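Engineer: pasting the sequence and the predicted coordinates here, then a few questions.
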Amino acid sequence: MNKKTIVSLLVLALVAVACATDTTEDAAEVVVELTTLETVTERGFLKCGVSGSAVAFSETQADGSVTGIDADYCYAVAAAVFGDYSKVEFTALTAAERFTALSAGEVDLLIRNTTWTQSRDTDLGNDFGPTTYYDGQQLMGRNADGLSASSTLGDIDGLRVCTNAGTTTEKNITEGAGLAGATIELVTVEAFPEAMEKFKAGECDLVTTDGSGLVGNRAKEDKMNDWAIFPATPISKEPLGPVYRSNDSQWADIVNWTVYATFIADEYGVTRANIDSFDYEANPEMGRLTGKNDGELQTSMGLTADAYYNVIKQVGNYDEIYSKNLNPVGLYREGSANAPWTDGGLIYAPPAR
Amino acid sequence: MQDNKTLESPPEIQFAGVSRWLKENLFSSLSSSILSLLSVAAVVSIFRAIIGFFISPEREWTAVTYNLQLYMVQAYPESDFIRVWITVGLLISLLGLSWGFNSLKEKVVIKEWCDGLLKGISSFLFIILIAPTNVDVEGTSVEVFKNNTRYICLAVGIGLIFAVYLLRKTSPKTEIIRDRISFLYLSLLVGSIWIIKVPTVTFTSSNERVDPDPFLPLANTTTIPWTIIFGCMIFAYLIGTFLKAKGKNSMSRLILSSWVLAPLVIVSWIYRKPDFGMSNILTLDIPIAVAFSVLGILAIRTLNKEKIVPYQRYITYGMLALTVVIFFLPVLRQLKILFFITWLLVSVAPTIANSKESAKNLSIVWSVTVFILILLMRGASSESLIVVPGSSIYGGFTLTWLIAFFGIAISFPFGVILALGRTSKLPVIRIMCTAVIELVRSVPFITWLFFGSVMLTLFLPKGVEFDEVLRAIVVTAIFSSAYLAENVRGGLQSISNGQFEAADAVGLSTLQRITLIIMPQALRAVIPPIVSQVISLFKDTSLVAIVGLFDLLYIGSKVIPNQSQGANFLGTIQENILFCAIFYWIFTYSFARRSMKIEKRLGLGER
């Protein structure tokens, strides 16, 4: 190789770095603080932070598409903002980086099975939207060990418990067992599927995580009669919902009312199928919400009058979203905290007027 | 003086029958007999357990086969798969070209080849022989390997052994070119994708999963492209051998530059599907390219005129100042980069283009570089037409490959420069390079990835955003170059002072001394650690999962075990991890074998 080649290769290598960079022209822009809605509309799509590998919440399918209840709420917000649910770019975030990514503006909205807690709400510069799924930590053990759905934490004395490290589940079970006077041996692994493997292999007697994860795994392994999930009242409260940056109440309203719109539609039985034939005269609240009678409330939010019509039409009401994503893993609304408030659950929305 | 023959080859040990070999090696005494029997029992039972694990009906291998597309390209849209195939085809053809060009036409005696084959077939027979018929599934014994199948496999295996043995007996001394054997294996592999059937998940019309999963042949959309790519590879190999035979040694430079260019073209034009706009190219890019190549050629011509020579330094400084000014002006990024490389040209042209011939060559190189650069930048800076649900079009094995390839390619020159800087006599350079190496090495890789992914945006001015994948590549390259620098420095220290002095004595310049005398020897000495570094970098790419990028291992360990919709692979972690392990092994093992060949060729460890 002679000098010429070296020099030209060097130049190519130097430029390669610059070459692969993103498109934004460095033209001196006057930096103006844009609101989140302005940023999103200008960009043309919503950047939504999800997990990408959470059963029923945000799963990546074989063709790369993202499904799940979290993903559906991302689609719903995009439908409200753009009238087109597909204008979403999902960013897969790990539990460790999710809040930093939100504050750094890498995502506009974080719906990543994130539990609403006081410290996360106050310390981190975030605000939480209405809860879309009420979860709670439970344990799963074998009936053969004398455990049943009515067992309590007092019954797990001397057993080995597997869980994934780094989350609150570890802390909850230690605290709970301590209070119940049970001594447990805690085996922590990196991720929950590994904990399940250890449980199946008999390396632990119990496995613990959020109830939704346990039910799904039990259904998959076809062990409905062999494995018991207890205690009936979960040992922790895990309200999961959307998170956005503080101090942008317009964006907060948009997200909140997208969630509420799905609740209200569920309450009145408005579905994707019947939304066009629904009798809005008889139900003025739905009429206002979908912009059929008067869309003033939506336009004052910075959205189009039919924003929430699009949400219901394109994504569905809460029951549709829930059934589509959580019924396959064996989770049903009846009798749980996720039932509508009229049936004794916690799914309740303020009136749209 | 001794007889030369005995020095070169020891007398060939005659094969003296199975019983004698057994007696000498396994049953020489009572204790060794016991040990032999025990270890055979251990090996057999371990292998039985492993095979049983693989073929147990509990294993859901469909989780791997059904998700292969996710593993390879993640969410890349199926309608644009032709771009993926072009990428693969381009790289494999290039591989074939280099292979053909660099092939030593090594020959191998049929006898040796047959011995290797016999070993392979015997291992296969061993596995078939000891594979368990029944495995234990939750207390009940299930038949997984029918005895009929076993007998058929054994018969085929014994037949093959017989055939190979005959071949070995009839023409033991005939020689064949090793490359042909490799092509034979590859064509068997490619041929097999037309016949094999893999377990697949299928759905009924009411979207219910068909159980049990049927075995289906591979789709035409997989077999046809692979066959075409294999054809292209053979063709490229033949071209390579042809060029070599013609003795076109200048081609080696061209092949090397295609290895630099091809990945850049792939990431800027092929894989991204840029929305470039022909009018942009015609009205903007081509005029700029023409202008700059003319400018460069003029510079090359004038700079060496006697009248100009005293002012060369001022021209270089002026150009540098202009580049800096342009950098901060709101102009096209293309212009900034072009001004930068023009400055480089102005600074190096006087030394390189000192004769008429070399000035002409440099002019050609300059024009070609400018045009290629402009086109690459147009591709990279245009909006991508590929729409994926995730934040990056790179995912799965594509991402692993991308980060590994560019990580290695960028870290190599930087590592060498850092190593040279650290051994430099100039204190400023030495201290700076040492600081960079020590800072980068003393912080864990994951921390750097986090820094690149999450914290970098906080330091950059608002509105400046880098692609997540690009950040991961840059971080990987910087991290790996620090380690590489230390490896290279080890090589530099192994070179005796005499070499430096000799280079000085014949009047070589510093650059010549380093590129012609020092580096070739230093790099040759550190091939093993550099290859380890490459292998570990390839595996370290799996750590980018930490910043939310879906690499091969993350898809296997987290994404697929969490799929509950449709096919439902909830909790299928073992199969996926095993698949990933085998996948990584294939690549790292080939790196290792390749490097051993290079070492052998360079005679490393013999001198």
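Structural biologist: That came in fine, so what should we check first? All values derive from a computational prediction rather than experimental measurement.
Engineer: residues touching B:Gly548, list them.
Structural biologist: A:Gly52, A:Thr91, A:Ala92, A:Leu93, A:Thr94, A:Glu97, A:Ala101, B:Ser453, B:Glu468 (C-beta atoms under 8 Å, 6 or more residues apart in numbering or on different chains). For every residue, glycine as well, the C-beta is placed using N, CA and C.
Engineer: mind redoing it with 10 Å?
Structural biologist: Taking C-beta atoms under 10 Å, 6 or more residues apart in numbering or on different chains as the criterion, B:Gly548 is in contact with A:49-52, A:90-94, A:96-98, A:101, A:106, B:390-392, B:453-454, B:468, B:554.
Engineer: kindly list the main-chain dihedrals of it?
Structural biologist: phi 80, psi 20 (degrees, to the nearest 10).
Engineer: do the same with B:Ile177
Structural biologist: Residue torsions, per degrees, to the nearest 10, at B:Ile177 are phi -80, psi 130.
Engineer: contacting residues for it?
Structural biologist: B:Ser103, B:Leu104, B:Lys105, B:Glu106, B:Lys107, B:Val108, B:Phe183.
Engineer: domain assignment for the chain?
Structural biologist: Assuming you mean chain A. Listed domain ranges for chain A are A:36-134+A:240-343, A:137-236 (source: automatic domain parsing).
Engineer: chain B, not that one
Structural biologist: In the recorded assignment (automatic domain parsing), chain B comprises B:15-55, B:63-72+B:392-607, B:99-241, B:277-383.
Engineer: before we move on, the earlier item: now, of the contacts of B:Gly548, which are buried?
Structural biologist: Among the contacts of B:Gly548, those that count as buried by neighbour count (16 or more other C-beta atoms under 10 Å in any protein chain shown) are A:49-52, A:90-94, A:97-98, A:101, A:106, B:390-392, B:453-454, B:468, B:554.
Engineer: how about the domains of chain A in JSON lines, adding mean pLDDT?
Structural biologist: As requested, these are arranged in JSON lines below (pLDDT from 0 to 100):
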{"stretch": "domain A:36-134+A:240-343", "mean pLDDT": "91"}
{"stretch": "domain A:137-236", "mean pLDDT": "87"}
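Engineer: most neighbours per residue, which of those domains?
Structural biologist: domain A:36-134+A:240-343 (a mean of 20; mean count of other C-beta atoms under 10 Å in any protein chain shown).
Engineer: how far off centre is that one?
Structural biologist: Relative to the mean C-alpha coordinate of its chain, domain A:36-134+A:240-343 is positioned 9 Å out (C-alpha atoms, centre = their mean, to the nearest Å).
Engineer: what's the span of that domain, first residue to last?
Structural biologist: With C-alpha to C-alpha, to the nearest Å applied, domain A:36-134+A:240-343 spans 36 Å between its terminal residues.
Engineer: same question for stretch A:328-346.
Structural biologist: End-to-end span of stretch A:328-346 (C-alpha to C-alpha): 22 Å.
Engineer: give me the residues contacting it.
Structural biologist: Here stretch A:328-346 makes contact (C-beta under 10 Å, 6+ apart) with A:55-56, A:131-136, A:211-220, A:224, A:234, A:237, A:239, A:263, A:266-267, A:318-319, A:322-323, A:325-327, A:347-349, B:564-566, B:568, B:570.
Engineer: if you set the cut-off to 8 Å instead, what comes out?
Structural biologist: A:55-56, A:131, A:133-134, A:136, A:212, A:215-216, A:218-220, A:263, A:266-267, A:319, A:322-323, A:326, A:347-348, B:564-565, B:568, B:570.
Engineer: for chain B, which residue gets nearest to chain A?
Structural biologist: With C-beta to the nearest C-beta as the measure, B:Ala75 is the residue of chain B nearest to chain A, at 2.5 Å.
Engineer: for that residue, helix, strand, or coil?
Structural biologist: coil (DSSP: H, G, I helix; E, B strand; the rest coil).
Engineer: give me phi/psi at the spatially closest residue to it that is not a sequence neighbour?
Structural biologist: Closest residue to B:Ala75 apart from its sequence neighbours, by C-beta to C-beta, 6 or more residues apart in numbering or on different chains: A:Gly64 at 2.5 Å. A:Gly64 has phi and psi values of phi 90, psi -10 when expressed as degrees, to the nearest 10.
Engineer: so what's the closest residue to chain B within the stretch 51-200 of chain A up against?
Structural biologist: Here the stretch 51-200 of chain A gets closest to chain B at one residue, A:Gly64, 2.5 Å apart by C-beta to the nearest C-beta. For A:Gly64, the contact set (C-beta under 8 Å, 6+ apart) comprises B:Gln69, B:Leu70, B:Val73, B:Gln74, B:Ala75, B:Tyr76, B:Val388, B:Pro389, B:Gly390, B:Gly395.
Engineer: in the stretch 201-350 of chain B, where is pLDDT below threshold?
Structural biologist: For the stretch 201-350 of chain B, applying pLDDT under 70 flags no range at all.
Engineer: surely the residue of chain B closest to chain A meets B:Thr398?
Structural biologist: No. When contacts are counted by C-beta atoms under 8 Å, B:Ala75 is not listed as touching B:Thr398 (10.6 Å).
Engineer: what about the helices in chain A?
Structural biologist: A:3-19, A:36-43, A:69-82, A:98-103, A:118-123, A:168-180, A:192-200, A:211-220, A:249-267, A:284-290, A:296-299, A:307-314, A:318-326 (DSSP state H).
Engineer: for B:Pro330, find the nearest of those helices.
Structural biologist: The closest approach between B:Pro330 and any of the helices of chain A, judged by C-beta to C-beta, belongs to helix A:3-19 at 16.8 Å.
Engineer: now the closest one: average pLDDT?
Structural biologist: Model confidence over helix A:3-19, given as mean pLDDT, is 52.
Engineer: low-confidence ranges, the stretch 501-607 of chain B, go.
Structural biologist: By pLDDT under 70, the weakly predicted segments of the stretch 501-607 of chain B are B:604-607.
Engineer: can you name the residues of it sitting close to chain A?
Structural biologist: For the stretch 501-607 of chain B, the residues in contact with chain A under the definition C-beta under 8 Å from any C-beta of the partner chain are B:515, B:545-550, B:554-555, B:557-559, B:561-568, B:570-571, B:573-574.
Engineer: taking those one by one, which sit in helices?
Structural biologist: B:Tyr554, B:Ile573, B:Gln574.
Engineer: contacts only, for the second one.
Structural biologist: Right, B:Ile573. A:Pro193, A:Glu194, A:Met196, A:Glu197, B:Ser557, B:Pro561.
Engineer: the third one contacts A:Val207, correct?
Structural biologist: Pointing back at A:Met196 there. Yes. Taking C-beta under 8 Å as the definition, A:Met196 is a contact partner of A:Val207 at 6.3 Å.
Engineer: outside of stretch B:38-47, which residues touch it?
Structural biologist: Outside stretch B:38-47, the residues within contact range by C-beta under 8 Å, 6+ apart are B:Phe126, B:Ile127, B:Ile130.
Engineer: B:Leu264: which of the residues you listed is nearest?
Structural biologist: With C-beta to C-beta as the yardstick, the closest approach to B:Leu264 among those comes from B:Ile127, at 44.3 Å.
Engineer: how much space between B:Thr174 and B:Thr241?
Structural biologist: Shown here: B:Thr174 relative to B:Thr241, a distance of 21 Å by C-beta to C-beta, to the nearest Å.
Engineer: and what of B:Leu320?
Structural biologist: 47 Å.
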